[in-house]
Every structure is written in C-alpha cells, then in structure tokens.
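S.K.: A structural model of the following input is requested.
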Amino acid sequence: MSTRQVSDSNDPVIESRDQLIAPMIKGEKPRERWRIGTEHEKLVFKRSDHHAPSYDEPGGIRDLLLALKDFGWKEVLEGGNVIAMSGSDGAVSLEPAGQLELSGAPLDNLHQTCDETGRHLDQVKAIGERTGTAFLGLGMWPDKARADLPIMPKGRYEIMLRHMPRVGNLGLDMMLRTCTIQVNLDYGSEADMVQKFRTSLALQPLATALFANSPFTDGKPNGFLSYRSHIWTDTDPHRTGMLGFVFEDGFGYDRYVEYMLDVPMYFVFRDGKYIDAAGQSFRDFLKGELPALPGELPTESDWVDHLSTAFPEVRLKSFLEMRGADGGPWSRICALPALWVGLLYDQGALDAAWDLVKDWDMDGREALRAAVPKLGLDAPLPGGGTLRDIAGQVLDISRSGLSARGRINGVGDNETGFLAPLDEVVRSGKVPAQVLLDKYHGEWGGDLSRVYEEAF
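M.R.: Numbers count the residues shown, from 1 in each chain. Purely as a prediction, here's the structure:
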C-alpha cells in the first residue's frame, strides 16, 4: 500500500474537474518513455519458531528496515517510527502485519527489473542471517490466525483496520494475512489506456490462476487455489471488483473519476497525521462539507491519496496497476511483469490479446472472476471452454510482444525467458498452489510446517 511521506502546505486546492482528471492525463507518455514498476510483498518469519515478528522486538521489522541503511537506503518516518526506506531501487515499506514490500523503481526493461529484485532479495536475506529472520513467498499466511499477527505503527492502517469489519467479512484477512505481486505500466493516450485497461481487466483472472499460491489457511487446506483472490470478493464491494463500466462505450478518464468519487474515503492526511474520514464522501469534500474537516476543501494531494484507496482488479492512477497475482518466490516475481509487458507494450500483441476477450459479456467476466480462486485454470470461460484452453495462447502472444520489444541484455538474451515459470505451469497443468498441495498430501505427510522450507 502507498506510503505518504510529506504534507505540502503549497498543495493546490481543487477548484475544477480538470484537476481530478489531471493525474491520468499526466500519466500519458510516448512509447519510448514507458516504464515497468514492479511491487512484491513477502511474509516475514523468525527461523527459530516461525512466528511473525513484531515491529519493535529485537531483530523485528523495525530492525530489519533500519539494517537496510547498510545498503544505502534512507529512513522514511511517520510519528517518529520508521515506516519505509527509500533508495535508488524504489522504496521498501511495511504492510499492515509486517509483510515486507519492495515498490521498485520505474525501469526500462525486464532485465533491469529482475536485477533490482535480485539485489533486494540479496539484501534482505543478508539482514535475515543476522536477525534470524527469513521470508516466505506465498499469497497468504498458511498457518497464522489474525490474532497471531502484529500490527505495524502506520496511521492509515489504524483507520482501515477499524473500518474493514463495517463493510466486509474478510478485509482484515486482506490486510494482515495476504501478499501479492503487482506491476505498474504506462499508456500513451486515453485511447491506449482504455484498450490496455479493458484487455488486462478481462485477462486478470488468468494471471490469478497462473500465480495462484494460497491454498492453506489456519494450518490446513482451505479448498481454494488462491484464497487471497477470494478474500477480495468479501473485503469492500464499494472499492473492489471487475468494474463493468470499463467495458462500456465512452469509458475514459472522466468515467473513472466518477467511479472514484463514489468510492468512500478512508482518511485525509494533514500535518503528518491521518485523520479518520472512513465512509465519508469525496463529493462532500469538494463542497467543503466533509464531516472530518468541515469547511475545508480538498487539495490535489488529497485526490491522489484517494485514488490509492480503491482496490479493483486493475487500478488507474497515473499508470495502470495489475492486481490479480498472489505472492510467490523470486522466479515468479519476474514472470508477472513479463506477462503484462508482453501483452500490453507491443501494439500487435495488445490487439491480439483484445481480440481474444472482446466478445465476452460482463456476466461471463464476473463468473470467471468468481470461479478462478477455487478452480484456477479450470475456471470456465465466457462462451465455453476453460482458462486452460487459452493460457498457452496468451503466453504466446506475450512472448511475441516481448520479442518485438527487442530489449537485449549483455549476453544477447531478450525478455522472453522471464515467461519460463508460466510456461511450466501450462506444460504441467498445475498452478503453484496445486504443487504445494501435492507436497502437503505427499512428501510432507500433512505437516504444513514443511512449507517454511519454501522460504526465499
């Protein structure tokens, strides 16, 4: 989740609708400036007993963050607590229960992305050797109840933790027990944004299936392949889902603004602190009628903050965020941006991918989204067949897009090799969760503590 660092007293007040659309317009870039921003979270545990470390225990999350100073990272503070570290590779931040996230820098190619990921994992693993800490690449804690998990000292999390039970049954699980991989990608124009949004939203269930990696809850199989994905279906219906309006005629920046104005607020950030505005209306804020700040008008930064509080399967800010994948190990971290860069950053590949999904109706898209957490690649497609039937074709389209990009590393390889973990999923017919379940029922003999052997 986003880490706000400063409050700007010179922040312009919003006086026109143009200012609400401006972040999306500012995101438009020529193709040569399109970049790849990869985010990945991992579960943190103590080697001695597998507990999730608290923020301030010796060798806990605070110590882990501060140890990154040895690698040139700088502290980001909130209320006197270090909540993130910033550096040339982006930002390392803490999620609500201490999950550790790298929000990577915007990079030109996947070779750079994978180098960045490798540097980060080398650094945190070196720190883990000193602190007795290790990291697990899964979509959800396999054996921890909510009560087993610490809460990090971050203002927006306090507000969200209070609000989540009012609007859904699983929002606290989303915050405390899950991990994801995401990639942020650019667009060249409003029309380009629309095509990329529609294509990636329709195909997001395929990413969920290919990366499904959360089959355990409370120490036993939960009946799902991606329980993390299922959690989002009962988190908060006002800010999640498949956004049917994206596929309607006339969709563009203005329609997304309308959607965001209907998303209830969480907070307002003032003077370094988060003010609780959970459930209140940004439309009221624009009229100076926000109960949390009566008489005050929102600033442009308030709007940017608000854009970060919706969690649909694909999210628009000044870039598009792909949000469908479970957390996973190092190889699959690089595979997610490879999949989407190949599909969205070459026009021929984008057109081919859209042709695959353009005739699906909204009921079919919703049914696919609802089925994929349990069924994975066996989830039924709109119009017949299953995701398994198109998975290889989608990977081939992505591969063609990556090949056309022609980003070559120092030994002459293009970016297509980063799809290899996904090719293996399609070849074997088993998503990561099914591989884990085979181990649980086979060589692990039902001993889920063996999952910690899967640590980075």
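S.K.: What sits closest to the residue most central in space within the chain if chain neighbours are left out?
M.R.: By Cα atoms, centre = their mean, the mean C-alpha position of the chain lies nearest to Gln182, the distance being 3.9 Å. Nearest residue to Gln182, sequence neighbours excluded (Cβ to Cβ, 6 or more residues apart in numbering): Glu39, at 4.4 Å. (Glycine included, C-beta is placed from N, CA and C.)
S.K.: Could you look up the SS state of the one you found?
M.R.: Secondary structure, DSSP: H, G, I helix; E, B strand; the rest coil: Glu39 is strand.
S.K.: ok, it to Met322 distance?
M.R.: Going from Glu39 to Met322 by Cβ to Cβ, to the nearest Å gives 10 Å.
S.K.: again with Asp234
M.R.: 22 Å.
S.K.: So which of these two has more stuff around it?
M.R.: Between Asp234 and Met322, counted using other Cβ atoms under 10 Å, the more crowded position is Met322 (28 against 15).
S.K.: Just the pLDDT at Gly383, thanks.
M.R.: pLDDT recorded at Gly383 is 89.
S.K.: what's near enough to touch it?
M.R.: Asp359, Trp360, Gly364 (Cβ atoms under 8 Å, 6 or more residues apart in numbering).
S.K.: The last one falls within a helix, correct?
M.R.: Yes: secondary structure assignment (three-state DSSP) places Gly364 inside a helix.
S.K.: what about the nearest residue to it once chain neighbours are set aside, neighbour count?
M.R.: Leaving out its chain neighbours, the residue that sits closest to Gly364 by Cβ to Cβ, 6+ apart is Pro382, at 2.4 Å. Pro382 has 17 neighbours, counted by other Cβ under 10 Å.
S.K.: rewinding a little: can you check which residues contact both of Glu39 and Met322?
M.R.: Residues touching both Glu39 and Met322 (Cβ under 8 Å, 6+ apart) are Gln182, Val183, Asn184.
S.K.: Narrow these to those in strands?
M.R.: Among the shared contacts of Glu39 and Met322, the residues falling in strands (DSSP state E) are Gln182, Val183, Asn184.
S.K.: Pro23: neighbouring residues, count only.
M.R.: Pro23: 18 surrounding residues under other Cβ under 10 Å.
S.K.: try Ser214
M.R.: Residues within reach of Ser214, counting by other Cβ under 10 Å, total 31.
S.K.: returning to that earlier point: the residue nearest to Gly364: which element?
M.R.: Using DSSP states H and E, Pro382 sits in no helix or strand.
S.K.: which ones are touching it?
M.R.: Residues near Pro382 by Cβ under 8 Å, 6+ apart: Asp359, Trp360, Asp361, Asp363, Gly364, Arg365, Ala367, Leu368.
S.K.: and if you look at Leu64?
M.R.: Contacts for Leu64 were tallied using Cβ under 8 Å, 6+ apart; they are Val44, Pro53, Leu100, Val124, Ile127, Gly128, Thr131, Thr133.
S.K.: any idea which element it lies in?
M.R.: Per DSSP H and E: helix 61-67 holds Leu64.
S.K.: Beyond that helix, next helix or strand please.
M.R.: Using DSSP H and E, the next helix or strand after helix 61-67 towards the C-terminus is strand 74-78.
S.K.: Which residues does that next one contact?
M.R.: By Cβ under 8 Å, 6+ apart, the surrounding residues in contact with strand 74-78 are 3-5, 65-66, 69, 82-87, 91, 93, 153-155, 272.
S.K.: got JSON lines for the contacts of Gly383, with neighbour count, pLDDT and distance to Arg31 too?
M.R.: Shown next, in JSON lines, are the contacts of Gly383 (neighbours: other Cβ atoms under 10 Å; pLDDT from 0 to 100; distance: Cβ to Cβ, whole Å):
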{"residue": "Asp359", "neighbour count": "9", "pLDDT": "97", "distance to Arg31": "28"}
{"residue": "Trp360", "neighbour count": "16", "pLDDT": "98", "distance to Arg31": "28"}
{"residue": "Gly364", "neighbour count": "17", "pLDDT": "98", "distance to Arg31": "32"}
